[in-house]
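> Give the three-dimensional model of this entry:
(chains A, B and C)
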Amino acid sequence: MLDKVIFFFFAGVAILSAGLMVTRRNAIHSAVFLITTLLATAGIFLQLRAEFIFIAQIILYVGGIMVLFVFVIMLVRLDVALHQIQFSRQKWVALLVTLALALEVGVMLWSSRKVPGQGFLLPNAVPAGKLPPNTEALAGRLFDAYLLPFEIASVLLLVAMVGAVVMAKKRT
Amino acid sequence: MSPTLQAVLAFVQTWWVELVSGVVIVAVVPLVAGYIVLMERKLMADMQARLGPMRVGPHGLLQPIADAVKLLIKEDIIPDNADKVVFWIAPVVSMTAALTSMGAIAFGPAFQVARDINVGLLFVIGVSSLGIFGIVLGGWASNSHYSIMGALRSTAQLVSYETAAGLALVSGLLLAGTLKIRAIVDAQQHFGVWFVFLAPVAFFIYVVASIAETNRAPFDLPEAESELVAGYMTEYSGFRWALYFLGEYANMIVVGAVATTLFLGGWLRPFPNVRWMNWLDALPALFTAAVGAYCVYRAGKQPVRVQTWFMWGVALACFVVALILAVPLLVAPLKFLVPGLHGAFWFLLKISAYIYLFMWLRFTLPRYRFDQLMHLGWYILIPLAIVNVLAVGVAMILEMEYGWNRWLAMLLTTVITLATALFLLRLNDKRAAAASSAAPPPEEPSTEDSYAG
Amino acid sequence: MMPIGYYLFLSMALFLIGAIGVITRRNVIVVLMSIELILNAVNINLVAFSRIFGDVAGQVFALFIIADAAAEAVVGLGIIIAFFRNRETVLEDEMDLLKW
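Modelled structure (predicted):
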């Protein structure tokens, strides 16, 4: 019951503010609504008992990436862009294609609901009380089986950092 | 009874302790913040050989309440060209983030709102770092140059120094081996020593970084009054301004609590495992009783009758607290209350000491220039923090795998880290000297590159 | 306990909203934000399945996706700043330096 209330609250907030994010004219407002969506998603992660992903989402996504976005939006003053047309000419075609995709995925999900054992209503396998401590389990897996991808990810971040500095630096 | 009502009742029955504690935090923190402000003004006055607020109540003890009333009845101005909704919401974000992060802090072993968070310490620093959005959005929504400059500075500063603070916390967490707040304090009891003695460099980095994170002098560039009027708060007035202010002071309590939990032994008294130091258990009660006795002594010297009564009231309150702290020690059936009460006392005492350090530094040091701030963060603190994490890791391996003495290993790595610090400082000096000799000093210090980094 | 379908539908909705944003908006910053939304929708799927099967591997992948999103945002914003310095615009259909 409580799980359901929490889920529908966060899901509603996430979808509503995602919709607002895509339609707002002002980029800062879009960023604020994206932050709301990300926080609501973090709530969903917590409801799924993925505590570490929850806090990684808050620290990295919201506290890191979104701060960067807001910072850049303030740096490239968008007063001019505010009064231009916000949507490209292909918007109706795009909407149509996306709706078709939505229909496709929706029908697929809906029709799989009755497949016994693996369909729509697959019940949760492990009860919440019997899960291992999340951070420890995650760390064990990350630094054991996925050590090489972890190292590659760190190299990727380093490359991205150097690339960003090179690109954003003023040429003198 | 309807099922919905039943569900709500069951919810309340399960969670009432947490709900009540949450309400207590929301209710008490603004009051405490007001008295921290009074303390700060009194301390500043003392260091500058003045008296500070003296008019409202004896020794200005009622000044925070007068200030709060003044802020509440002030005219609430929203600039014409401001983005109204964002302007309205920004101070609330700042305040909410600080108060929410307090939910996971353990004020003593008994008082903690969210007990079972697996990522406790990360939750505290993660959620409190969301307060930056209040500053950024408020600065942007005011639609004023000073505000947006303050907001930009604040973002750059917070992002830079959060990295250093996070890395400093990692060294402490390596020693503790857990993220749960209780387990961290238990680990320090198990080690028999506060982590500040095992990783002093990490603690130092955290102190510096947390001053920058709470926007306090000498790093209060986002609100530097000589350059930016009041930075991101320029257009704010009345209650919204008060919310920003409360957020800032609540944030100070949060960083103090994090430092106390991880480095200063949480709610443990000094020398928690040494038997002959057990007389320290009596200290909380004696300390509060002494404060009460001093109030009695001062009561006779008040010029006005009302103030004498007020002083007596404060003394009485102190005596009651002392009694509450003392009785469980003496009466055997109430022994179970001792850890909770005394833990809370030690924890709050340590936070107060930390905040006192902040104030002391504020009144002592001049403000940094923005490029100096960025250089300190990126060229010195962050490399030093990385070296420190490595050093602590090496020390732990030396101790656990090779059976070294713990103190020897920690001493060795601390020396290595300090040598690195010296090297970094020298490098920085050399670069500064080269820069100043190569080019004539620019008209105004360029900040663009610091932003880009 | 919640059936997995709820999470799949939520994730699908967020993914499609993000896709609409990517295709229709002209402002490159909002397009980048929509991409972040899409990555986030994928994360919901991964974490939900990790919970259902009681295997943390899904959460490990979610962590990698967050790291990847950070790298992508940093590089993307760097390009936007560099471009804004040259052309004073952030609209994607005005980014036509290769056209003549």
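> Excluding chain neighbours, what is closest to C:Ala13?
Using C-beta to C-beta, 6 or more residues apart in numbering or on different chains and skipping the chain neighbours, the partner closest in space to C:Ala13 is A:Ile15 (5.2 Å). All C-beta spots, glycine's among them, are computed from the backbone N, C-alpha and C.
> Tell me which residues of the strand or helix carrying the one you found come out buried.
Per DSSP states H and E, A:Ile15 falls inside helix A:2-23. Judged by neighbour count using 16 or more other C-beta atoms under 10 Å in any protein chain shown, the buried positions of helix A:2-23 are A:7, A:10-11, A:13-15, A:17-23.
> can you put those in JSON lines and add pLDDT?
As requested, the buried residues of helix A:2-23 are arranged in JSON lines below (pLDDT from 0 to 100):
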{"residue": "A:Phe7", "pLDDT": "87"}
{"residue": "A:Phe10", "pLDDT": "91"}
{"residue": "A:Ala11", "pLDDT": "91"}
{"residue": "A:Val13", "pLDDT": "92"}
{"residue": "A:Ala14", "pLDDT": "91"}
{"residue": "A:Ile15", "pLDDT": "92"}
{"residue": "A:Ser17", "pLDDT": "92"}
{"residue": "A:Ala18", "pLDDT": "91"}
{"residue": "A:Gly19", "pLDDT": "89"}
{"residue": "A:Leu20", "pLDDT": "90"}
{"residue": "A:Met21", "pLDDT": "89"}
{"residue": "A:Val22", "pLDDT": "85"}
{"residue": "A:Thr23", "pLDDT": "84"}
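> Name the nearest of those relative to B:Ser2.
Ranked by distance to B:Ser2 (C-beta to C-beta), the buried residues of helix A:2-23 are led by A:Phe7 at 22.0 Å.
> which residues touch the residue nearest in space to the middle of chain A?
What sits nearest the mean C-alpha location of chain A, by C-alpha atoms, centre = their mean, is A:Leu38, with 5.7 Å. For A:Leu38, the contacting residues are A:57, A:61-62, A:66, C:36, C:40, by C-beta atoms under 8 Å, 6 or more residues apart in numbering or on different chains.
> For residue 37, I want the exact helix or strand it lies within.
Because you didn't say which chain, this covers chain A. Counting by DSSP H and E, A:Thr37 is found in helix A:27-47.
> let's do chain C instead
C:Leu37 belongs to helix C:28-53, assigned by DSSP H and E.
> just checking, what packs against that helix?
Counting contacts by 3 or more C-beta pairs under 8 Å, 6 or more residues apart in numbering or on different chains; DSSP states H and E, helix C:28-53 packs against helix A:2-23, helix A:27-47, helix A:66-75, helix C:4-24, helix C:57-87.
> gap between that helix and the chain center?
When distances are taken as C-alpha atoms, centre = their mean, to the nearest Å, helix C:28-53 is centred 7 Å away from the chain's centroid.
> What mean pLDDT does that helix get?
Helix C:28-53 shows a mean pLDDT of 88.
> Please point out which parts of that helix sit buried.
Within helix C:28-53, the residues scored as buried using 16+ other C-beta under 10 Å are C:28-52.
> JSON lines for the buried residues of helix A:2-23, including distance to B:Trp309?
What follows is those, written out as JSON lines (distance: C-beta to C-beta, whole Å):
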{"residue": "A:Phe7", "distance to B:Trp309": "56"}
{"residue": "A:Phe10", "distance to B:Trp309": "53"}
{"residue": "A:Ala11", "distance to B:Trp309": "58"}
{"residue": "A:Val13", "distance to B:Trp309": "52"}
{"residue": "A:Ala14", "distance to B:Trp309": "57"}
{"residue": "A:Ile15", "distance to B:Trp309": "60"}
{"residue": "A:Ser17", "distance to B:Trp309": "55"}
{"residue": "A:Ala18", "distance to B:Trp309": "60"}
{"residue": "A:Gly19", "distance to B:Trp309": "61"}
{"residue": "A:Leu20", "distance to B:Trp309": "57"}
{"residue": "A:Met21", "distance to B:Trp309": "59"}
{"residue": "A:Val22", "distance to B:Trp309": "64"}
{"residue": "A:Thr23", "distance to B:Trp309": "63"}
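> show me the contacts for residue 19.
I went with chain A, as the question did not name one. Listed by C-beta under 8 Å, 6+ apart, the contact set of A:Gly19 reads C:Ile17.
> Oops, wrong one, chain C.
A:98, A:101, C:34, C:38.
> so which of the residues you listed comes closest to chain B?
Closest approach to chain B among the contacts of C:Ala19 (C-beta to the nearest C-beta): C:Ser34, at 19.8 Å.
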